[in-house]
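[1] Pasting a predicted model and its sequence here:
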Amino acid sequence: MKLVVDRLSFGYPHSRPLLKEISFCAESGELISLLGPNGTGKTTLFRCILGQLRASGEMTLDGQPLSSLSPRQLASRVAYIPQSHSPAFSYPVEEMILMGAAAGLKWFQHPGRTERERLDEVIDSLGLEPLRQRAFDTLSGGEQQLVMMARAMMTDARVWLLDEPAANLDYGNQTRLLLQLQQLAAKGYLLIQSTHSPQQAALYSSRVLALADGKLAGDGEPAKVLDAEMIQTLYGLKVQVCDIPSGGRNVRVFLPD
Amino acid sequence: MKKTKKAGWVLLALLLLLIVCTLFSFPLGRYPVSIGDIFRQFGHDLLGLGESPADSIGRVIYNIRLPRILLAIIVGAGLSAAGCAYQCVFQNPMASPDVLGASSGAAFGAALAILAGAASGGITLSAFVMSLGSMLIACLIGATGRDKIMTLVLAGMMVSSLFSAGTSCLKLAADPESQLPEITYWLMGSLSGANWNSVLTALIPTALGLAVLLLLRWRLQLLTIGDEEARALGIHPGRTRLVVILAATLLTAAAISSSGTIGWVGLVIPHMTRKLTGSETRYLLPGTALMGGIFLLVVDNVSRTLLPVELPIGILTAFIGAPFFLWMMVRRGGAR
């Protein structure tokens, strides 16, 4: 899977442009962190890729323009994992996950045996069996996030856009989630997560996309992109950058001045 | 799997309860008909067994009791299923069949027809057309906003109050001796006008609307998680919503036009059912329809037997529905 975004620009009508000429190319196996200050258009970028907002510029997946795909085709290629929130009504976990099968079903079709078998696989692979019958809104934030990931897995999409998946999670759940994402990337998924933590981006992702003022301010390995200057550009904050050797690699730490 | 099995049993139990309620509704009323008479009558007519009871009993069963029982079930099932669908579509547990102004549209249509001196068929038709019309206006306005659901609900409220004002105007113009009481009585809602004609005119659109909702019920569930997510899962939330709203409004219009404005059923019944089957629309929607049929049948039985004079059923549903809803909210700490 190869996602190419070429000179993507977007602005809401009657207001200044939000995203300006964003270009990048991403491939299976990458875990990309999308960094940027509040309101800089991280979620908007996701929504453009998902075709929910009409942006100018070219986006292709394996050479195929995303705009030529129907919502159903797009859903089985690109999955969106929103920030965890409870729907208006409470559903059991397995029912939430099963909703990921929608793209493969016709108007009057209900999930059948094929979908249920796939559901069992997905539940197994994420270790969700104990939660299966629980009501979604009684789960902890971390568990909810896992269920959302299971739903994305159900769609068969190999490109995932995750909107701040680690926000609202405690340290333990954050770490478990990010390790899980690393494993999925190693299995050949292309994951793009938006995050507010450069620290996390440096620790877990293979690549960083930095958005500032609607433009791509940096693109590359975390160690190359995330320097003191970049933190200053993104967040207007002076930090010291330290590299601490650990287990054969350097771990980057940001210390506010 | 345990839970799904349980919901399946709940549906079966509701179906049995509906059948039992139907049987026990026949003997209720001024003319005495025993349960035995019912079995003898149907046994004779359907299976060719034994002898039929007296002609007069047959007439009461077929011309009076049966149409009324059927109409109560049809209207109850239709209103409840519509309420359930609206709640899912608007992702709002407080939505009910009158959110889009269908009720006040129907009321206006009925008042207009009564004022014009139309027969009961004309009143039904006019109420039906007006409730569809008010809903369409609300939908057209609702489609323009950025936050579609919010705009739709607000448009519904506006259209609703516009039609209510229209109805008030008509009441002013109505003849206080004959037309005004008829309009007022119609607005209170009643199944007393039930005959085979009204059963058929309610049955056809109700069956159509219910069929669409039942077929679409799994998709309906996807609408409850929000448009963006639903779209990202590969469905057209706008199109699905439009079809569901049309079907639900067809149900509402059919129910209201044949029985007047019967409130609360569409709001309370889906919640009661949710307690039994859970929120999964696969079970919730058929369960709601069954429960609605049972509820309105029982309430209608009360309304026609409690006092020597018939109580309009709309008053009773409000007396039962509103306190029940309050009790549920207080007990559960919210309408989840």
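    That came through fine.
[2] Check what pLDDT residue 29 gets.
    If you meant another chain, say so; for now it's chain A. Per-residue confidence at residue A:29 stands at 95 (pLDDT).
[3] Can you look at chain B instead?
    If you check residue B:29, the pLDDT there is 85.
[4] Residue of the stretch 51-200 of chain B nearest chain A, please.
    Distance from chain A to each residue of the stretch 51-200 of chain B (Cβ to the nearest Cβ) is smallest for residue B:91, at 4.1 Å. Bear in mind the C-beta positions are built from the backbone N, C-alpha and C, glycine included.
[5] who in chain A is up against chain B?
    A:47, A:50, A:52, A:71-76, A:78-80, A:82, A:87-92, A:95, A:99-100, A:102-103, A:105, A:107-111, A:133, A:137, A:151, A:155 (Cβ under 8 Å from any Cβ of the partner chain).
[6] and those, which are buried?
    A:47, A:50, A:52, A:71-72, A:74-76, A:78-80, A:82, A:87-92, A:95, A:99-100, A:102-103, A:105, A:110-111, A:151, A:155 (16 or more other Cβ atoms under 10 Å in any protein chain shown).
[7] Could you tell me which of those residues are located in strands?
    Among these, the members falling in strands (DSSP state E) are A:78-80.
[8] burial measure for the residue lying closest to residue B:268 once chain neighbours are set aside, as a count.
    In this structure, residue B:268 finds its nearest non-sequential neighbour in residue B:321, 4.6 Å apart by Cβ to Cβ, 6 or more residues apart in numbering or on different chains. Per other Cβ atoms under 10 Å in any protein chain shown, the neighbour tally for residue B:321 reads 20.
[9] returning to that earlier point: part of a helix, is the residue of the stretch 51-200 of chain B closest to chain A?
    No: with DSSP: H, G, I helix; E, B strand; the rest coil as the criterion, residue B:91 is coil rather than part of a helix.
[10] Touching, it and residue B:152? I think so.
    No: taking contact to mean Cβ atoms under 8 Å, the distance of 11.6 Å between residue B:91 and residue B:152 leaves them out of contact.
[11] Between the two, which has more neighbouring residues?
    Taking neighbours as other Cβ under 10 Å, residue B:91 and residue B:152 compare with residue B:152 leading, 23 against 16.
[12] what is the mean pLDDT for the strand or helix carrying the more buried one?
    Secondary-structure element containing residue B:152, defined by DSSP states H and E: helix B:148-173. Taken as a whole, helix B:148-173 has an average pLDDT of 89.
[13] Mind giving me the packing neighbours of it?
    Using 3 or more Cβ pairs under 8 Å, 6 or more residues apart in numbering or on different chains; DSSP states H and E as the contact test, the elements touching helix B:148-173 are helix B:102-115, helix B:120-142, helix B:179-188.
[14] Compute the inter-axis angle for the second one and helix B:102-115.
    Okay, so that is helix B:120-142. Using axes from the mean of the first three to the mean of the last three Cα atoms, to 10 degrees, the direction of helix B:120-142 lies 140 degrees away from that of helix B:102-115.
[15] Redo the ones in strands among the buried ones among the residues of chain A next to chain B as JSON lines? Include pLDDT.
    Formatted as JSON lines, the entries for those read as follows, by pLDDT from 0 to 100:
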{"residue": "A:78", "pLDDT": "95"}
{"residue": "A:79", "pLDDT": "95"}
{"residue": "A:80", "pLDDT": "94"}
